[in-house]
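> Test case, fold it:
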Amino acid sequence: MTKHKGPEAMTLPLNSILSGDCIEEMRALPENSVDLIFADPPYNLQLKGNLHRPDNSLVDAVDNDWDQFSSFGSYDSFTRDWLAAARRILKPNGAIWVIGSYHNIFRVGAELQNQGYWILNDVVWRKSNPMPNFRGKRFTNAHETMIWASKSEGAKYTFNYEALKALNEGVQMRSDWVLPICNGHERIKNAQGDKAHPTQKPESLLHRLLVATTNPGDVVLDPFFGTGTTGAVAKKLGRDYIGIEREADYREVAEKRLKSIRKYDRTSLEVTQSKRAEPRVPFGQLVERGLLNPGEELVSPRGKVAKIRADGSLVISGTKGSIHQIGAKLEGAPSCNGWTYWHFRRDGKTVPIDLLRQQIRSEMRG
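Residues are numbered from 1 along each chain as shown. Below you'll find the predicted structure:
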């Protein structure tokens, strides 16, 4: 167990699995101490009897005691209590993901709004290899729904938009994610060779989710930890995790799994950042640093030449202004990105001044 740096450092049990009821355990944690919560609560499937395939073999369905509730009212009370406990421990700019099926997600969504969470997106996880509908009386249930919500309406939640775009080959990430269900070598088995948990989620789902909405060093809590997929992916990605799991068999499997996980190296954990998140570099800093000199010429795409002045402004035909103002004036445009517009000459070649800005930013990042 490690301790988190900050006001809650004395009591936050990082990188460990807490044994017990998730509501009680969350109530014992410090207020405003967690960056993100991923919750995979019981779905309350309300299964009636056994489910058989066409060949009469038995389907290994979710019929565990932890998924049994006496009524919708009982399930709603449970949902209300765990969501309230979760909201208390979220930092002001924290967020929560809740995954569910048509059996429960609408009830969870309503309660999220009742408690003051602010829904940001619902994301459909479309399973590329869903289990068929054996009875042939309904559509194949090929997706689950995730709700992403901030703690409150004005929260400055984390969203690594550019990283998601890079993950999706330069295209904006959509709210429907096509990923396979957990099977094959990823499906964890118990000592008897059976699947250790009936609703184990694939690591690909948690990878995308954590890359999207957390940063290295963030604290991620999973109140329904199961076999530890959230913790495994968090550990790989350099996030701290807290798991809560009341079932001893699941804890045992999760602890064994987590011991074998290794964190990716620091360089591998870096993701594509939004340009707005980059350190601001004034053009004048290039002049101060001697990367460009007063009197040196900059060239526009149309071959217009402006001279650099000692204060970092440009002058052309008696008109003075910033790299952006002069570029806009030459193009007759309301605005201009001077960093990509202007070039300087080196060794007979023209080079964008943005290259020098990136050089300074690289130094600032260390």
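
> which element follows the helix or strand containing Ile244 toward the C-terminus?
Here Ile244 sits within strand 240-245, counting by DSSP states H and E. Reading on from strand 240-245 to the C-terminus, the next helix or strand found by DSSP H and E is helix 248-259.

> Buried residues in that next one, which are they?
Residues of helix 248-259 classed as buried under the neighbour-count rule (16 or more other CB atoms under 10 Å) are Tyr250, Arg251, Glu252, Val253, Ala254, Glu255, Arg257, Leu258. All C-beta spots, glycine's among them, are computed from the backbone N, C-alpha and C.

> Restricting to C-alpha, output stretch 286-294 in PDB.
Only the C-alpha atoms of stretch 286-294 are listed here, as PDB (Å, rounded to 0.1, in the frame of the first residue of the first chain):
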ATOM      1  CA  LEU A 286      12.800  33.400 -29.800                       C
ATOM      2  CA  VAL A 287      14.400  36.800 -30.200                       C
ATOM      3  CA  GLU A 288      15.600  37.000 -26.600                       C
ATOM      4  CA  ARG A 289      17.100  33.500 -26.900                       C
ATOM      5  CA  GLY A 290      19.000  34.400 -30.100                       C
ATOM      6  CA  LEU A 291      17.100  31.800 -32.100                       C
ATOM      7  CA  LEU A 292      16.100  34.700 -34.400                       C
ATOM      8  CA  ASN A 293      17.800  38.100 -34.400                       C
ATOM      9  CA  PRO A 294      16.500  41.700 -34.800                       C
END
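
> what's it in contact with?
Applying CB atoms under 8 Å, 6 or more residues apart in numbering, the contact partners of stretch 286-294 are Ile308, Arg309, Ala310, Asp311, Gly312, Phe344, Ile353, Leu356, Arg357, Gln359, Ile360.

> at 6 Å instead, please
Stretch 286-294 is contacted by residues Ile308, Ala310, Gly312, Leu356 when judged by CB atoms under 6 Å, 6 or more residues apart in numbering.

> how far out from the middle of the chain is the helix or strand where the last one lies?
Under DSSP H and E, the secondary-structure element containing Leu356 is helix 354-365. Relative to the mean C-alpha coordinate of its chain, helix 354-365 is positioned 27 Å out (CA atoms, centre = their mean, to the nearest Å).

> ranges for the strands of the stretch 201-350 of the chain?
For the stretch 201-350 of the chain, the strands defined by DSSP state E, counting those that start in this stretch cover 219-222, 240-245, 297-299, 305-308, 314-316, 319-321, 343-346, 349-352.

> Paired strands for the second one, with orientation please.
This points to strand 240-245. strand 16-19 (parallel), strand 219-222 (parallel) (DSSP bridges).

> and what of the fourth one?
When pairs are called by DSSP bridges, strand 305-308 turns out to pair with strand 297-299 (antiparallel), strand 314-316 (antiparallel).

> who touches the last one?
By CB under 6 Å, 6+ apart, the surrounding residues in contact with strand 314-316 are Ala306, Lys307, Arg309, Ile326.

> in it, what's buried?
In strand 314-316, residues buried by neighbour count (16+ other CB under 10 Å) are Leu314, Ile316.

> Use 2 as the first number from now on
All set: I'll call the first residue 2, so the last point we hit is now strand 315-317.
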